[in-house]
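In: just to be clear, the model below is a prediction. Sequence and coordinates:
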Amino acid sequence: MPDWVEVANEDEFEGAVICVDYDGIEIAIFKLEDGYYAIDDECSHAVASLSEGKIEDSCIIKCPKHGATFDIKTGENLSFPAVEPVASYPVRCEDGKIFIDVD
Ligand code: FES
């Protein structure tokens, strides 16, 4: 059963990504052309913030530390040195508020 939690407002976005804290977990919220997506902010390879990385090909985030890439829509790891995905969370937007499903 979904457990929707409000984590941000649409007007917080000055660019394509913000990082929010939910219960001690840093989560990167991306605003892409077709909607919002949320993945864990911490790279699965080592300690680095994916929200500080570079977005490539409209839905890929490149880790700023060693360059691993992840699918923003699924959290799937796409290139080394990351060999594990990062968690992804369903997102919905309602009345300018952004919710993620943390179930
Ligand atoms: S910390 Fe992200 S690729 Fe190494």
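Out: Sure thing, it's come through. Residues are numbered from 1 along each chain as shown.
In: every contact and neighbour count from this point should use C-alpha atoms.
Out: Fine.
In: neighbours of residue 10, how many?
Out: Applying other C-alpha atoms under 10 Å, we find 14 residues neighbouring residue 10.
In: again, but for residue 18
Out: By other C-alpha under 10 Å, neighbour count at residue 18 equals 18.
In: look up phi and psi at the residue lying closest to it once chain neighbours are set aside.
Out: The shortest distance from residue 18 to any non-neighbouring residue, by C-alpha to C-alpha, 6 or more residues apart in numbering, is to residue 29 (5.4 Å). Phi and psi for residue 29, reported as degrees, to the nearest 10, are phi -110, psi 120.
In: my read: residue 29 touches residue 21, true?
Out: No: Residue 29 lies out of contact with residue 21 (C-alpha atoms under 8 Å); the separation is 10.5 Å.
In: per-residue confidence for residue 102?
Out: We have a pLDDT of 89 for residue 102.
In: where's it relative to residue 42, distance?
Out: 16 Å (C-alpha to C-alpha, to the nearest Å).
In: cool, and residue 96?
Out: 26 Å.
In: how about residue 15?
Out: The value you get for residue 15 to residue 42, if C-alpha to C-alpha is used, is 19 Å.
In: who has more neighbours, these two?
Out: Neighbour comparison, residue 15 and residue 42: the larger count goes to residue 42, with 19 against 8 (by other C-alpha under 10 Å).
In: which non-adjacent residue is nearest the more buried one?
Out: Per C-alpha to C-alpha, 6+ apart, closest to residue 42 is residue 49, 5.0 Å.
In: phi, psi for the one you found please.
Out: phi -100, psi 110.
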